[in-house]
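A.B. asks: my questions are about this predicted structure, shown below with the sequence.
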Amino acid sequence: MLKQQLRLLLAVVAVALGAGCQVRTELVIDVQDDGSGTVEVAVSLDPDAMSRVPGLADELRLDDLTATGWEITGPAVEDDGYTWIRASKGFASPEQAAVILAELTGPDGPISGFAVTRDRSFARTEYGLTGVVDLTGGLEAFADEQLAVALGGVPLGESVAEIEARIGVPIDEAFTFRVAARLPGELQDTDAPAREGTAVVWEPRFSDAGASSLSATSELVRTRTLSLGALALVAAVAAVLVGVVLPVLAWRRRRRLRPRGRHGAGRYGGR
């Protein structure tokens, strides 16, 4: 049921696109220093789409999502004039992030293989994000036929070319899909084509020749740990000086100052 309800949320995309409306969909992954974070899925519809699906708020019954930790906001009109539906869920570890991301569309959906990694050493932590987005399956990748029927949507299963011919514009103009990721520290490597503030952003398209593999890595250097390590090293050196070197120097000094024999000369210095 959980995966079905998440698919219902994304199925709004198929219904609205089938009607020739403007749709924006976003997947945002926000990772914190300790490996926790949030996953958010957001779908927005333009005013024309909302006029075509006036019962959207009533049709999207997402009780199972809220019962399993997802927080739902909307449908609500935001500053851009679009009506947004947002579902977000927190994770306590990279392993939990992978489980949540796998819930989004199931094993056969357009989002797969996502994983978050965190590898910590003495004063550095490396973070990573990988995943695959495959839109080559067309709208069927997002489709849920029961929701399409409930909302009066057009039949699903059309090819991208058929949809474009019917709505009169390239599907990539009607549909925007974005994946954004925020990783702690300084970005080290990514195949993301764009950055927005601290986030790296990918925009896979239906017209892509194949699946899009996403990856990003970052590194966080803990300067406080390095400073404490330097202080500890100084303290260790000082301890060696106080406990070993200084006593040896004092002993040698005392030996040099010790009074010599009766003849005032050493073994070979007397006459």
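C.D. replies: Good, I have the coordinates.
A.B. asks: can you tell me the SS state at Ala98?
C.D. replies: On the three-state scheme (DSSP: H, G, I helix; E, B strand; the rest coil), Ala98 is labelled helix.
A.B. asks: same question but for Glu95, I mixed them up
C.D. replies: Assignment for Glu95 (three-state DSSP): helix.
A.B. asks: ok, it - how many residues close by?
C.D. replies: The number of residues packed around Glu95, counting by other Cβ atoms under 10 Å, is 13. From N, CA and C alone the C-beta is placed, and that goes for glycine too.
A.B. asks: same deal with Ser51?
C.D. replies: Burial of Ser51, expressed as a neighbour count using other Cβ under 10 Å, amounts to 11.
A.B. asks: Ala76 now?
C.D. replies: With neighbours defined by other Cβ under 10 Å, the count for Ala76 comes to 12.
A.B. asks: kindly report the same for Asp48.
C.D. replies: Counted with other Cβ under 10 Å, residues neighbouring Asp48 total 12.
A.B. asks: where along the stretch 151-271 of the chain do the helices fall?
C.D. replies: Listed from the start of the chain, the stretch 151-271 of the chain has helices (DSSP state H, counting those that start in this stretch) covering 160-167, 171-174, 223-240, 246-257.
A.B. asks: hey, least reliable of those by pLDDT?
C.D. replies: Of all the helices of the stretch 151-271 of the chain, the segment with the smallest mean pLDDT is helix 223-240, scoring a mean of 54.
A.B. asks: mind listing the strands for the stretch 101-250 of the chain?
C.D. replies: 111-120, 124-133, 175-182, 186-190, 194-196, 199-202, 212-221 (DSSP state E, counting those that start in this stretch).
A.B. asks: and those: which comes nearest Val23?
C.D. replies: Using Cβ to Cβ as the measure, strand 175-182 is the one of the strands of the stretch 101-250 of the chain that comes nearest Val23, at 5.2 Å.
A.B. asks: and the closest one, what does it pack onto?
C.D. replies: Contacting strand 175-182 under the criterion 3 or more Cβ pairs under 8 Å, 6 or more residues apart in numbering; DSSP states H and E are the following elements: strand 23-31, strand 124-133, strand 199-202, strand 212-221.
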